[in-house]
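Engineer: coordinates only, sequence not included:
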Ligand code: GLN
């Protein structure tokens with residue numbers, strides 16, 4: 001019988017194949033896919049170059065590499081993605097959570113914590129209501145709740161997580177159950193938000209589709225594996241965001257805040273959209289770790305965010 005292939009030989013071979021297929025990070029992908037079939041983390045692969053790989057694992061690995069060669073994202077092949085410290089199940093039912101969206105979770109966490117700390121609630125007081133509009137895999141709702149649970153605050157919050165896609169909501173529910181958070185989140189199938197929202201939300205979070213239609217087909221091949229409705233936002237990308245802005249007066253509490261993820265080139269446009277549709281309201285835009293405009297903070301005039309009206 002031939003000697004089993006080694007970890008380093010398999011990674012080398014797959015890296016060459018993935019590079020030839022146009023993958024952006026072929027070596028990383030090869031390591032992650034091998035780690036996945038070996039049930040170890042990536043360090044386990046890097047630290048054991050001479051370890052033999054059994055034929056069963058090798059066959060599984062080849063299958064994963066072939067899917068990646070065809071452009072499928074690593075997160076769909078592995079079936080999960082790390083997001084804000086959580087391993088979230090990912091598949092073609094919903095957008096893969098992106099690292100830049102962790103910024104929105106941090107901002108939401110700061111808002112909720114500040115509100116719960118500023119006005120300590122008596123036992124039996126109603127929970128603070130948060131909406132995650134277009135929840136997809138449940139990433140924002142669940143990362144926020146997991147972080148609140150670590151601060152012993154999750155019991156004082158109810159998150160309503162909506163999506164127009166029943167399939168996405170199913171995945172989000174699976175993630176909520178998997179992380180023991182299902183009691184804190186109510187999933188609702190709705191276009192943006194249900195017609196009647198009562199009482200209003202203290203916080204509305206949304207990572208809506210915001211890619212301009214003309215840009216979609218020019219983007220990386222990986223994106224064609226994700227639901228197009230989770231990405232496509234019309235001619236300038238902001239169609240869905242504008243529809244949500246129009247609902248804010250009805251759904252946001254008087255001192256409420258909306259946190260909306262936007263594209264790096266949409267800072268000015270979203271400020272203009274708020275000025276045109278929500279007279280007297282404020283909109284500020286914050287940058288992500290790469291220094292790119294990423295988060296729009298929208299509130300009624302009474303509660304100004306930092307750096308009002310400025311594009312960071
Ligand atoms: N940031 C994502 C991308 O460009 C877009 C996500 C979205 O439309 N909400 O891949």
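Structural biologist: Okay, I see it. Keep in mind it's a predicted model, so treat the numbers as computed, not measured.
Engineer: which stretches in the protein count as helices?
Structural biologist: For the chain, the helices defined by DSSP state H cover 7-21, 26-38, 42-46, 55-69, 74-78, 102-118, 139-150, 166-178, 213-216, 239-251, 267-277.
Engineer: pipe the ones you listed into JSON lines and attach mean pLDDT, distance to the ligand and mean neighbour count per row.
Structural biologist: No exception for glycine: its C-beta is placed from N, CA and C like everyone else's. Formatted as JSON lines, the helices of the chain follow (pLDDT from 0 to 100; distance: least, Cβ to the nearest ligand atom, whole Å; neighbours: other Cβ atoms under 10 Å):
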{"stretch": "helix 7-21", "mean pLDDT": "97", "distance to the ligand": "20", "mean neighbour count": "17"}
{"stretch": "helix 26-38", "mean pLDDT": "97", "distance to the ligand": "17", "mean neighbour count": "21"}
{"stretch": "helix 42-46", "mean pLDDT": "96", "distance to the ligand": "23", "mean neighbour count": "15"}
{"stretch": "helix 55-69", "mean pLDDT": "97", "distance to the ligand": "18", "mean neighbour count": "17"}
{"stretch": "helix 74-78", "mean pLDDT": "97", "distance to the ligand": "12", "mean neighbour count": "20"}
{"stretch": "helix 102-118", "mean pLDDT": "95", "distance to the ligand": "10", "mean neighbour count": "18"}
{"stretch": "helix 139-150", "mean pLDDT": "98", "distance to the ligand": "11", "mean neighbour count": "24"}
{"stretch": "helix 166-178", "mean pLDDT": "98", "distance to the ligand": "13", "mean neighbour count": "19"}
{"stretch": "helix 213-216", "mean pLDDT": "92", "distance to the ligand": "9", "mean neighbour count": "14"}
{"stretch": "helix 239-251", "mean pLDDT": "98", "distance to the ligand": "9", "mean neighbour count": "18"}
{"stretch": "helix 267-277", "mean pLDDT": "98", "distance to the ligand": "13", "mean neighbour count": "17"}
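Engineer: and residue 184, which of those helices is closest to it?
Structural biologist: Nearest of the helices of the chain to residue 184, taken as Cβ to Cβ: helix 139-150 at 5.0 Å.
Engineer: what helices and strands are in contact with that closest one?
Structural biologist: Applying 3 or more Cβ pairs under 8 Å, 6 or more residues apart in numbering; DSSP states H and E, we find helix 139-150 packed against strand 86-89, helix 102-118, strand 128-133, strand 157-163, helix 166-178, strand 185-189, strand 201-206.
Engineer: distance to residue 230 added to the helices of the chain, as a markdown table?
Structural biologist: Shown next, in a markdown table, are the helices of the chain (distance: least, Cβ to Cβ, whole Å):
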| stretch | distance to residue 230 |
| --- | --- |
| helix 7-21 | 24 |
| helix 26-38 | 22 |
| helix 42-46 | 27 |
| helix 55-69 | 20 |
| helix 74-78 | 13 |
| helix 102-118 | 15 |
| helix 139-150 | 11 |
| helix 166-178 | 8 |
| helix 213-216 | 11 |
| helix 239-251 | 10 |
| helix 267-277 | 19 |
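Engineer: next, the closest residue to residue 8 other than its chain neighbours: phi, psi?
Structural biologist: Excluding the flanking residues, the one nearest residue 8 by Cβ to Cβ, 6 or more residues apart in numbering is residue 49, at 3.6 Å. Torsion angles at residue 49 (phi, psi; degrees, to the nearest 10) stand at phi -60, psi -30.
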